[in-house]
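1. please work out how this folds:
(one chain, ligands or ions: 1)
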Amino acid sequence: MDQTLTLHPVALQSQQLRRVRFAILAGGGAHTLLCWIALQLDFFRGGEFLFYSLFAGIWAGHLLFILFMLMGLNRRLAEPSMIMPLMVWSTTGLLITALFVDQVRLCVMLLFFAIVQLGVFQASLRQFMALASYCVLGYAIVLGVICVYWPEAIDARGEWIQWGLFSVMVVAAMLLASEISTIRFQLGRRNQQLAEIVERIHEMAVKDELTGFYRRRHAMELLNNACGQSARGAYQLAVVYLDLDHFKRTNDQYGHRMGDAVLQRFADVARRHLTKQDLAARLGGEEFMLVLPVTDQEEARNLVEGILMSMRSQRFKDAPGLMVTVSGGLAMRADGETPAQLIKRADLALYRAKETGRDKLIIGETE
Ligand SMILES: Nc1nc2c(ncn2[C@@H]2O[C@H](COP(=O)(O)OP(=O)(O)OP(=O)(O)O)[C@@H](O)[C@H]2O)c(=O)[nH]1
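-> Down below sits the predicted model:
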């Protein structure tokens, strides 16, 4: 029965994915170029074969990520931009190559800051911390391995000093990321509050406060849509006008507040009989409209008779003698019939129900 407004951020997501794909290509390209220059300058221990084998593996990983995105498989993931796996993979690429580029190791490791900026607006602070720890520890392990296996290739003291500097820079970057993360969190909360306010204003504009049913104007728009869908053969459509009997008497005898309670009780009872596809509106005072997509007239009649019967059996604690009945007029949408004609027939049927004794449902005839 509820119509909710949902914002579908598909465009935003695809823009984000394009950005990620570009970052993979640009970042991967910069990393490859830097190591290739190192290779040309004879700084790449292991030579050409190792260089090409390593980068074939790294690029295979990058291209797998891109392929995964192009095939749309990432949309099934909780985090479609796959920022965290991507950052971990790219950092791993840096660490592996850092093992072989002796003179420009720090330059290669500095590319980590380019990797971090990829997730600056998406990853959480905890994710950043985990990635930073992985990178700093990984860098330390790389240096440890070199010290053990190729001690002659490096100046260990100088390398550890560089590692210390790098670690300090990473901590500073994490503090900045934490600031950004806090701002992002506050903005997110503000956005959430705004969305809730907009939702509430929308609810107030389209829904009646007392019963929670749609107001007349919005209900007529929804009825137009439902008529269109019914005309395209989606379903048969029943429009029902319902009116509480002798409601003025209820107000006069038991007071306006009791009258309000009766209206709310009617709404609760009707709601229990309706499904998500049905639409209920308060047209004004004690007059209501139901729009029911059904398979046939019988289904609609049974549903409305159920509401009428339930209302008959309602009792009110503050007004023990009060019995509330409801009259109704039902019209099935005929081929080519406009919403206005359909409403008119339902209203006429309601009028006849009132004229012929109330507490009953009359089916409107087709013209
Ligand atoms: N308590 C309450 N009463 C309302 C509200 N809106 C309209 N009414 C009252 O509903 C009553 C409607 O009375 P009528 O139109 O004469 O209809 P009725 O007494 O139900 O008579 P029939 O429809 O012919 O059975 C009026 O007394 C209105 O003041 C509301 O929101 N709350």
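
2. got a list of what the closest residue to the ligand within the stretch 151-300 of the chain touches?
-> Residue of the stretch 151-300 of the chain nearest the ligand, by Cβ to the nearest ligand atom: G259 (2.5 Å). Heads up, the C-betas are built off the backbone N, CA and C, glycines and all. By Cβ atoms under 8 Å, 6 or more residues apart in numbering, the residues touching G259 are F247, T250, N251.

3. what about it, distance to F22?
-> Relative to F22, G259 is positioned 64 Å away (Cβ to Cβ, to the nearest Å).

4. what does L308 give?
-> 64 Å.

5. just want to know which of the two has more residues nearby.
-> For L308 and F22, the more surrounded residue by other Cβ atoms under 10 Å is L308, and the numbers stand at 19 against 10.

6. how deep is the residue nearest to the more buried one when sequence neighbours are not counted tucked in, by neighbour count?
-> Spatial nearest neighbour of L308, excluding adjacent residues (Cβ to Cβ, 6 or more residues apart in numbering): V326 at 5.3 Å. Using other Cβ under 10 Å, the number of residues around V326 comes to 26.

7. thought V326 was touching M311?
-> Yes - using Cβ atoms under 8 Å, V326 is in contact with M311, at 5.0 Å.

8. common neighbours of these two, please.
-> F266.

9. I24: neighbouring residues, count only.
-> 21.

10. who's in contact with D278?
-> D278 makes contacts with M1, L290, V291, L292, P293, as judged by Cβ under 8 Å, 6+ apart.

11. look up phi and psi at the closest residue to the third one other than its chain neighbours.
-> Distances taken as Cβ to Cβ, 6+ apart place L279 nearest to V291, at 4.1 Å, with adjacent residues excluded. In terms of degrees, to the nearest 10, the main-chain angles of L279 are phi -130, psi 130.

12. now do the one 10 residues further on
-> Per-residue torsions, M289: phi -130, psi 140 (degrees, to the nearest 10).

13. surely it touches A270?
-> No - taking contacts as Cβ under 8 Å, M289 lies outside contact range of A270: 10.8 Å.

14. overlap in contacts, the two.
-> Joint contacts of M289 and A270 (Cβ under 8 Å, 6+ apart) are L242, A280.

15. state the pLDDT value of H256.
-> In this model, H256 is scored at 96, pLDDT.

16. okay, now it: neighbour count?
-> Residues lying near H256 (other Cβ under 10 Å) number 10.

17. ok, and for stretch 45-58, which residues are buried?
-> Under the neighbour-count criterion of 16 or more other Cβ atoms under 10 Å, stretch 45-58 has R45, F51, L54, F55, I58 buried.

18. stretch 160-173 now?
-> By 16+ other Cβ under 10 Å, the buried positions in stretch 160-173 come out as Q162, W163, F166, S167, V170, A173.

19. any idea how far the ligand is from the closest residue to the fourth one other than its chain neighbours?
-> The spatially closest residue to S167, leaving aside those adjacent along the chain, is V136, at 5.0 Å (Cβ to Cβ, 6+ apart). As judged by Cβ to the nearest ligand atom, to the nearest Å, V136 and the ligand stand 68 Å apart.

20. mind listing what's buried in the host helix or strand of V136?
-> Element membership for V136 (DSSP states H and E) is helix 125-149. When burial is assessed from 16+ other Cβ under 10 Å, helix 125-149 yields the following buried residues: L125, Q127, F128, L131, A132, C135, V136, G138, Y139, V142, L143, I146.
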